[in-house]
Every structure is written in C-alpha cells, then in structure tokens.
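J.: predicted model, plus sequence, below.
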Amino acid sequence: MRSTALLRKIAQVVVAPLIALAIALLVTSLVVVLAGNSVSVFFDVMLTPPSQRIWVNIINQTAMLFLAGMAAAIAFRMNLFNIGIEGQYTLASYSGALVAGMALFPGTLNILAALVVAMAVGAAWAAIAGVLKVTRGVSEVISTIMLNSIAITLVGWLLNTYGDQYGQGRRTTPIPESSQLLGLGFGFFDTSTGGVFALASLAVIVGVGFALVINRSRFGFDLRATGGNEAAAIASGVRVKKMIVISMLLSGGVAGLIWMPDLFGGADYYGTPFQSGLGFTGLAVALLGRNRPLGVAFGALLFAWLSVQANPLGLKADISPSVVQITQGVVVLVVVVVYEVVRRWGAAAEQRALRSTLETAPAGGQA
Amino acid sequence: MRTVGKIAAFAAVASLALAGCATEDSNGDGGDDAAAEGTGACTAPDGDIQVGLAYDVGGRGDQSFNDSAYAGLDKAVKEFGITATEGEAADGEAESAREERLRTMADSGMNPIVGVGFAYSESVNVVSDEYPDTCFAVIDGFDPDETGNGNVAYLGFAEEQGSYLVGVAAALETKTDTVGFVGGVHNDLIKKFEAGYTAGVQSVNPDIEVLVQYIEESDVAGFGDPAGGKEAAAAEFDQGADVVYHAAGASGSGVFEAATEADAWAIGVDSDQYLTAPKNQKPHILTSMLKRVDVATYDMIKSVVDGEPLASYQVYDLSADGVGYSTSGGFVKKYVEQLDEAKGAITNGEVEVPTAPAE
Amino acid sequence: MTTSVESGPGGPALAPSGGIEVRGITKRFPGVVANSDVNLTIRPGTVHALIGENGAGKSTLMKILYGVQKPDEGTIAVDGREVHFSSPTDAIKVGIGMVFQHFMLADNLTVLENVVLGAEHLYGIGGNARVQIKAISADYGFGLDPDVLVEELGVGQRQRVEILKVLYRGARTIVLDEPTAVLVPQEVDALFANLRELRASGHTILFISHKLDEVLAIADDITVMRRGKTVGEADPATATKHQLAELMVGSELPDPETEESTVTTTPMLTMRDVGLTDAAGRDLLTGIDLTIHRGEVLGIAGVEGNGQAELVETIMGMRRPTGGMIDVGGANVTRWTTRRRRKLGIGFIPEDRHRHGLLLDAPLWENRILGHQTSRQLNWRGVIRRRAAKKDTRRIVEQYDVRTPTINTHARALSGGNQQKLIVGREMSGDPVLLIAAHPTRGVDVGAQGAIWNHIKTARREGLAVLLISADLDELIGLSDRIQVILRGEMVGEFDPDRVTPQELGAAMTGGKGGEQ
C-alpha cells in the first residue's frame, strides 16, 4: 500500500513534467525542421554543458523566475489568478531602485529599505485587485491585467518625467557603491563577470517560508482550504474576503522582490537593464511546478536553462533564440493535461485501493 | 564622398544631447583623427575579418532598423569579401543574455562587433572592457559610465535634422495650415523627431499648427501597434491636418492607412517607406525621413577593414548623409529647391535644430 | 380542458406496451463495478419498482436504459426487440422516457414552451401543440394549463410537466428516478393517482425509490438491487417492509426512536425575531423565534427550499441576519464571525457535504482540521499540530467505522456514507455544546445510519443541544423532542413528535390542511 502510494507520488511529481518536456521538445524540433534548420545542431547548442559563467546566468535567472513563480503560486493556491505580477514587479522594481538610488541610509540598511519599499509597493498594487474583488466583485483576472498596463505606463511616465537623462533614455539614480552587492562564487563559479547574485538567497528564503507557512500554519491551511473549496472554507470559519486581500498582498509582496537580486547584483539602476516579462513567465513556472516550492524551483531551472542556453542559437545555428519560447509554451500546455491525466489515474488507483481494503474488511452494509 | 561628423569622447559630454554637440563640433570631416581619441583603441585584425552583428528584438526582417543594419552589412560583405555572423535577441531577455551574446562573438574572434540598437549600450560597455582588442560599435548607443571605452564607437544620428527637412516639406504641402505628428512612444528619442519636425514646419510658416500624438507613454508596444497608429493619425486628420509624419516603427502602417482613407498625406520614417508600402498607399506617402543605419554599419566595418577603426561618438547628420529625405514617388520634386536651401542652412550652421520640443 | 380531443400520443385504452427485458447487464468504471449481471423483467402495463440503497447501482442501470451510458455486457429488449442505444435520442425513439429527480425546466417559460422545446418537429409550436398538451393533461388528470409560467407552479405540478414532456414525445415506458424525494405526502398521493391512470392506459412505469412504504403502495412488481446486482424480486401483495429492507441491506433496520427525554431548562440556542433578506430585498427568513435547551433535539420540518439552508447559515454566521438576535449559551453572537461562533463549540453537519463539509482533494486528516482550525487540540499559536490531527483522525476512523485504507486517502475516494461518517465524527469531536445537523444520515447506508443516530442520542444524553433538519420524516419524528415547521422562511407550527403523524406534518409543511398549495 505504502509503496504504491509513493510510486504514484513519484509519477505525479517527476514523470508528468518529463513527459511534458519530451512532447514540448518534439514540437520544437518539428518547428526547427519546418523552418529549415538542423535539429541536431539545435540540441547540440541546447545541451552544451554550460561554462561556469553560463551556470551563473542560469542560476541567477532561476532565482528570479522562482520568485516570480512563488508570487503566482501564493495566489494560485487560493484559486486567485494574479495575472498582475508583471505590473506589480515593474512598479516595485522602479520604486525599489528609486529608493536605493536616493541612498537615504548607508550600505546594507539602504538595501533593506529598498527591499521593504519594493515589497510594499508590489503588495499595495496587488491589493488594489484584491480589494476590488471583495468589495465590488471585480474578477482579479480582469483587474490585474488592467493594472499591468497602468503600472507599466505609470513607470514609463515617472521615468520620463523624473528619471536621469541617460543616452537616449532615462534611468533612476544608480545605487551607491556601498549598496552594490558583489556576486558570489561559492569557490566554484567564475566571478570575474559577476557571480551569483547575493540576493538570489531571497529565493531560498521565500521558498522555505512558503513551504512552512502553506503546509504548517493555520493561515496556510485556511488558504489551501479556500483554494480547495471556498464554500467549505467559509463554513469552517475562514473569512474569505480577508484571505483574498491577504493573499494578494503576499503575492504582490513577493512579486516586488523578483528583480531585486539583479538590481543590487549588477544592474545598479532601473532603466534598460530591467528585465521585463518575468511576471508572465512566473505564471507558467508556477503551473509547471504545481505551486509547490520544489516543483516551482524545478520549473524555474528548466525555463532558465532553456532561455540561457538558447542565447547562442542564432550565432551557432542560425535559429532564432525565440524558438525556445515555443518549447516553454508547449511544456506548460502539455503539463496541465498530463497532470490531469495522472491525477485521474491516481484517483482511480486510490479507489481500487479503497475497494480492496473494504473487501477484506468485516462484512457490513457498505453500499 | 561621405564624411563623418565627430565629437570628442569626453565623459562629461556623454550626458549631453548628442546632436547639440554634433552641430557645434561637426566640421564636415574628421575621419582621420580616430586614433587620436579614446584610450587604447582596438586593433583591426590582420587576417580575415569576421563581423558580428547583434540585433535587437525582432532580428532581420523587421523592414526597418534591423533590416537597414543588415543592408549595410551585406554591402560590406560583398565589397570587402569578409564573413559575417548575426545574433538575435529574444523577447524579455536579461541584460546578461546580451552580454553573453557579445562575449560569444568576441570569443570566436569576431571583430568588429556591432550592437544594433540603444539597448546594447550597457552590455557593450561591460564586454568591451573584457576584450580591449576587439572593436565594438553600438548603433544609437552611448557610453553609460564615466570610464571611456577606446574600442567602442557610438553611432548616433541627428534625427532632428532629417525631421526638420520633412517638416519643411509638410509645411510646403499643407493646404489647411495644419499638420500632424504621431510618435510611437513618448520618450526622449522620439521627442527629437517631434522637435525637428515642428521646427522645420514653422521655419516655413510659424502660423502652421502642429498636432502631436503619442501612441504609448512608455510601453514599447507603441512601436508595434498599427491600430493605435491609425487611430492617432485619423484623429489628427479629423482635426484638419492634411500631412502627418510618423515616428512610430511598425505602427506607421496604420498611419498610412489613415492617410489613404482621409485622402491626405503621410510621411514615413527610418527607411524609404514608399518602396515597401502597398500600392494603394503609395500615392499618399509624400516622403520619408531617412535614418541611414546601413551607412553607419557599413562605415564601421569599412573603418576596420581600412585599419582605422572608428571609436567614440560618431554622429551621422545631414552633412554626413546620415539622415535625409526620400524622393520616391516624386511628390516633393517641386520643393527640392526649398529643401536644399534648408539643408544648406543646417549644414553650414545657420540653423540649429532643437532636439527637444519646446516646453 | 373541457374539450374532448381524440386520443393523443399513447392515449388511454391502448394495448399495454413498453415492456423491458434486461439481461446480464454489466458496467464497469475505473476501480468500480457499478452493475454486475443485472437482470430485470418489466411487464408491459405495470408499475415496476426498483429499490436499493444509495450506491446500489440503480442510477447506473437507469442511465443505461436511457442511453446515457453503454453497458459493457448484456442486452436490453423493448417489447421483445433487442435495442442498442448510443444516446438518449435512441431511447426516446423506442418509447423510453425519463423523468429525473431534479427537474429540467426553464422557469421563465410557459408549460407549453417547456414541453415543446426540443420537440418542435412533432406538433409545431402553436395551436397543434397546445391541443396535444391539453389532451394529454386531460387524459391523465394532470390539470395543467399550457400557458402558465413554470415559475408559478408547485413542485408536484412541475413534476407533472416533466411527465407530460415525455408523454408528448411518445413515451410508452416512463422511468421515474426517486420521484417522491421532493414531494410531501399529499403530493405523493396525487402522483400515484396519475401513475395509476397511466398504467390503466397501457403505459409501463419503472419507479426507482428507496422508500418502502411508497413502493408497496404503488408497485405491481418489485426488484431489489444491492452492490450492483439484482438480488431478488418480491410481490408487493405479500412482501413486508421488513423483508424488503433486509433484502436491500442484508441486515436489520435501525430505529431512530429516542428513549426517555433528557431535555433541561438551560437554553443553549435562542433566536429572537431573526430576519434575513437577500440582495434584492426579498425575505428569506422572517421573525424566526426558537429555543433549544441542553439535552434537547429540535427538529425542523419543511419542504426543501423553504428557508432551512438560510436558517442554518444564519446560525453559523455564514449569513448576517437583517434583524433579530441570536444567543448561544448566554453569549449574544448575532454579529460574531463564523470562526468565533465555532470556538464556542458549535458542531455543523452541512446539508451538502461536498460543498460545505469537505476538502475533497485533501487527505482525511486535513479534513479533520476543517472547521476546527482554532481548536487547542489541533493548533498551537498558529501552527497546525499535524501529529495530533492524524492521531485524532485515526480515532474517528475507528469509532465511526469510516471505511478507508489510510488516513492519507483523499476524501474524494470515499463513498458518500463514509464521508458523512467522517464529518459526523469530526463535528462530534471536542465535546460540542450545540450541533447543527442538516440531513445527518442522507445517503448513508443503513448500518451507518443507526450508528450516527446512536452517536447523536448519546451526545444528547450528555447535554448536547441539537438542531435537526431532515427530509426523512421518520428520522425527524424519531429523534426530535420537539418539531417546528418552517414554510417560506417562517416558523408556522410546533408539534409533539409523540403524537404527530407524517400526514399532519406534510399538511403543515405545505401550508394547508392538505393537497397542493
């Protein structure tokens, strides 16, 4: 009994994503062939063992994607679709960079202040959608999409109006040197071109915190209960409206952290180095990881690997690196289907197990 | 004979508006003092030259910026018998991805390496330090920090000068004394187009009204939104404009549609858009402001082939034929005299074109 | 209704037809065999009752007969001809019509429109159709006006519209799934009168039920199902209720009767003039006054949908009353949140266990926590005590005989009865002072039913106050110390369960002395 349950779990956690990945790579290969390119070169490039420097990039991307995935997962576990992570982290990144650039505090304190501001801004922006949902019944899907546009436009306007002139663009004031964090090499990675972002550690903290809060705390239970069955949660005494606002606050707060590792680890200011799109990719990563920290970490690593490794495709194989976006898209589509198939298979297996238990049980009125 | 306007690569200058400096320092010729500038310029390779061209998002086939860079590359490849490799950016990529692309190119011995687009400024700044012997260039680029890069050329354009000329054409053509401008994104770069255009229009007749519309405040989607372009242009035509100039990238096709429907004029941007427009729109494209990315790309490669690599800020202005206007369709033939006059006034310094709209 | 029309589709006095012969039907679902070698002979022109407990396989067989599902093995013959259905359309073609327990009518359309919908090709949508409907209605004494809106009809009348629908489509065999579940006794009598008319005119009726009194009253033949098999046939002329029950469950029937009264004078739940309106301002509850004492079971009788769910949700704090006062054990809880009320020791067995009582995709031990998140036993300063939760779940599984392989099994995998036992066990944990129980034994097998009753009786002896809502009048009369009747959101009468009969209760539930409202 125990071993089959374990087997089922392994199947669900490992086999399903692998199947999805295999199908996605198949589809991508097909696209590569149809575009008249060589599949073997494609895989050659994608599977080249990364150099130390590339590993650093993969890890950095993984950390930021993981944070984005966690932000999405918090809301997903409540059955809330926070499509607005993109806008939340854009606005939060700008605000964090602005505050860090002001250098109101010395060194590390300045970093902490910027992190707090970024989280607060991300949380506040997400909370707008939460409050609209509980007071006016506005679907968070719609409101967060709208808030994305508003946030991106707002940041552009702020930057254009108050930013420092900088080439043909604008940027926030660079953060003082005392607040710039050197990359970590862990005695292994090449740090000459910048090592692993020091604030990639935020990903670990958020991941562990998420696991503890969601699985072990009463708050986490309430959150999962609401996500699993809202009506039952209400009957059990959960104040769903309050939970909606709190989980949007948490989701937005984590979203606020997404770009912070890069800001303090290399970018130094908000401007062209800002990486957009992480919020949307985070949704995909969360789906891939079934909203569990380890799963999301795996998903983030996979996506980071795909996008970083795809970079030289254009140079080495004359294939647009954007082709891996097809892989990423198909992985997510397929994984949703495969998870459902595996889930049904698991449910059927559980029913069988139940029946075999009942048949060996003493006779009763079991219908 | 093409000449290249130059300015010195003093760090303090970096934050100044490019064109303003260019007109001051431009002396019509200066191609031979490249080596004197910067600190430790790159060395042109002795043997076979391999060019690395790193595109911005979209890559080749965008009928605009990237394609224009490719045209220059293609010309150089054919002329000098050299080889070239192209790399392309992915949507929403990290800064580190751009750096990595440049490193991969430098590692495989490519020299020169050209980053197409403003977004490469910072990655080139980082990577050029790691490969001091390799020559780099950034189109529309700039030096983001205070340490000079002797092995980097920043290839900029005086878009306001070209815009000034098409502004003159628009002013001469208008019957309603109202003309329009549609910008893709309301940033400093596009404001340069607006400023030059407005100045050109008003140099002919200060009473002509210039209607200004931007599709997006900051979202670069404004460069890929034909529906938004059409809406903005249609609004200006409705308000009485009969010539509308766009600086909105791919959104421009919407502007052309609006002009065709309003039976009025549109002015293209970057490349000669008369050539790529659908047949029914051709009679409505008065002219196009040309931004010769191909020229800049070709020049950079040529300078390396010649063993005198370009470095520092290079401004492609009117006098360098880096900007201009197109005559396809022949609609501006009758204004050539006035246009040449305006051009002369700019190149000899009589007229200084503003780079930012009046507040 | 006065005009006499020539016979409609299958009008009276035709030769009996629509007999069905089911042989060796087997239907498997992943992990479950729902029907196993089912045999059934329905003679034409009779009322044939199919009885069995919930989960005995009646619904599956019904779906097979109606073409919704295909059997894995076995044959079906109608009037001696073998038939194969791939959809309900095929079933209706050979004259089999289905009346579901939950009506499928559009409230805002008239009777005529509802009947004609989807069958426009038969008699059009105008005068012809009206004539047909009037004819059928007159033939079988339905008394339906084709031009009345369905929303104005009572439950019994709606059911007749459903039957009219299948007759209109030419059905000779009518399958009725638990038709009396939604009816009060007077309406049941009216339905049976209609069914006898239909039988007299040669129609064949398959009557699916688990209410033995009714079956004995109407059926010509009885077939019993248990665990997916047909386990026997009985002749209603000679069979007793007791025999049928034993066939159904293979064991003795438990008795809901409580022994001596344990009612005290300490009020545990008091509601004074409680009112509730919906968003549109319509009254859902009006002037509710009730008191339950320690050790007392107060039964609430009423036709479903008369405010029972709203009453429960108001007591639990899931809805805010628009007026009045609610007091639990001396504390005025009118404005308290659900969680705060639960902390006082209110147990809650919801009417719809899937909707309000379980996290179907969570393991049993997590379901043990649901509703008791704040209990000292299960949480320490905001941290869930997983070990304690698991231990207590094992206790419930044992004490309440929840049939499950492990406590890590997902609630979804359990049968309805076992889910209910888990909920009852959970809500009886931690010594509640007040239990709100809505249909506590609905859908559970007879053995579990007895066990649940015993648990409630034991707790009541120890001073538990219970608000009991049930559609099973026997359960209500047997367990309650007092019964109040709710009708359209108002308490309309109080009865002593020792003296009241189901007929009297039924009359009060429909707001009159009898018959339709």
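T.: Looks like it came in fine.
J.: pretty sure C:Gln308 contacts C:Asp352?
T.: No. Look at C:Gln308 against C:Asp352 with CB atoms under 8 Å: they stay out of range, at 11.8 Å. Yep, even glycine has a C-beta here, placed from its N, CA and C like the rest.
J.: neighbour-wise, which of the two wins?
T.: Between C:Gln308 and C:Asp352, counted using other CB atoms under 10 Å in any protein chain shown, the more crowded position is C:Gln308 (22 against 15).
J.: identify the residue spatially nearest to that one, adjacent ones excluded.
T.: C:Ile469 (5.0 Å; CB to CB, 6 or more residues apart in numbering or on different chains).
J.: against B:Thr43, how distant is that neighbour?
T.: 91 Å (CB to CB, to the nearest Å).
J.: just A:Pro106 next, same as before
T.: In terms of CB to CB, A:Pro106 sits 44 Å off from B:Thr43.
J.: show me which of those two is the more surrounded one.
T.: B:Thr43 (15 against 10).
J.: tell me the confidence at that one?
T.: You'll see B:Thr43 listed with a pLDDT of 79.
J.: isn't it up against B:Asp133?
T.: Yes. Applying CB under 8 Å as the test, B:Thr43 and B:Asp133 come out as touching, 5.3 Å apart.
J.: so who does the residue in the stretch 251-400 of chain C positioned nearest to chain A touch?
T.: Using CB to the nearest CB, the single residue of the stretch 251-400 of chain C nearest to chain A is C:Arg339, 3.1 Å away. Applying CB atoms under 8 Å, 6 or more residues apart in numbering or on different chains, we find C:Arg339 in contact with A:237-239, C:373-374.
J.: and those, which is closest to C:Glu304?
T.: A:Gly237 (25.7 Å; CB to CB).
J.: quick check: the gap between the residue lying closest to A:Ala232 once chain neighbours are set aside and chain B.
T.: Excluding the flanking residues, the one nearest A:Ala232 by CB to CB, 6+ apart is C:His356, at 5.4 Å. Between C:His356 and chain B the computed distance is 44 Å (CB to the nearest CB, to the nearest Å).
J.: tell me, how many residues neighbour residue 351?
T.: Answering for chain A, as no chain was given. 20.
J.: the intended chain is chain C.
T.: 21.
J.: quick check: residues of the stretch 151-300 of chain A near chain C?
T.: A:216-222, A:224-225, A:228-229, A:231-239 (CB under 8 Å from any CB of the partner chain).
J.: report all helices and strands that whatever helix or strand A:Ala304 lives in contacts.
T.: For A:Ala304, the host element (DSSP states H and E) is helix A:293-310. Applying 3 or more CB pairs under 8 Å, 6 or more residues apart in numbering or on different chains; DSSP states H and E, we find helix A:293-310 packed against helix A:16-34, helix A:39-47, helix A:52-76, helix A:201-216, helix A:278-288, helix A:323-360, helix B:95-107.
J.: and the ones you listed, which one is worst for confidence?
T.: Across these, helix A:323-360 gives the lowest mean pLDDT, at a mean of 78.
J.: for that helix, packing partners?
T.: helix A:2-10, helix A:16-34, helix A:278-288, helix A:293-310.
J.: mean confidence (pLDDT) on the first one, please.
T.: In this case it means helix A:2-10. For helix A:2-10, the per-residue pLDDT averages 67.
J.: any weak-confidence spans in chain C?
T.: C:1-14, C:29-33, C:54-55, C:249-260, C:512-517 (pLDDT under 70).
J.: most distant residue from the centre of it?
T.: Within chain C, C:Arg381 marks the point farthest from the mean C-alpha position, 41.6 Å out by CA atoms, centre = their mean.
J.: and B:Ser121, what element?
T.: Residue-wise, B:Ser121 maps onto helix B:121-130 under DSSP H and E.
J.: what does C:Gly143 give?
T.: Counting by DSSP H and E, C:Gly143 is part of no helix or strand.
J.: the residue nearest to A:Leu202 when sequence neighbours are not counted: how many residues sit nearby?
T.: Spatial nearest neighbour of A:Leu202, excluding adjacent residues (CB to CB, 6+ apart): A:Leu257 at 5.4 Å. As a burial measure, A:Leu257 scores 26 neighbours (other CB under 10 Å).
J.: in terms of contact, does C:Leu109 touch C:Gly118 like I think?
T.: No. Look at C:Leu109 against C:Gly118 with CB under 8 Å: they stay out of range, at 11.9 Å.
J.: how about low-confidence regions in chain B?
T.: The low-confidence ranges in chain B, as defined by pLDDT under 70, are B:1-40, B:58, B:62-63, B:359.
J.: show me where it has strands.
T.: According to DSSP state E, chain B carries its strands in the segments B:5-6, B:50-57, B:83-89, B:113-116, B:136-139, B:152-157, B:178-185, B:209-216, B:243-247, B:265-270, B:285-291, B:312-316, B:323-325.
J.: of the contacts of C:Arg339, closest to A:Tyr339?
T.: A:Val238 (26.0 Å).
J.: wait, what's in contact with that closest one?
T.: Taking CB under 8 Å, 6+ apart as the test, what A:Val238 contacts is A:222, A:225-226, C:338-339, C:373.
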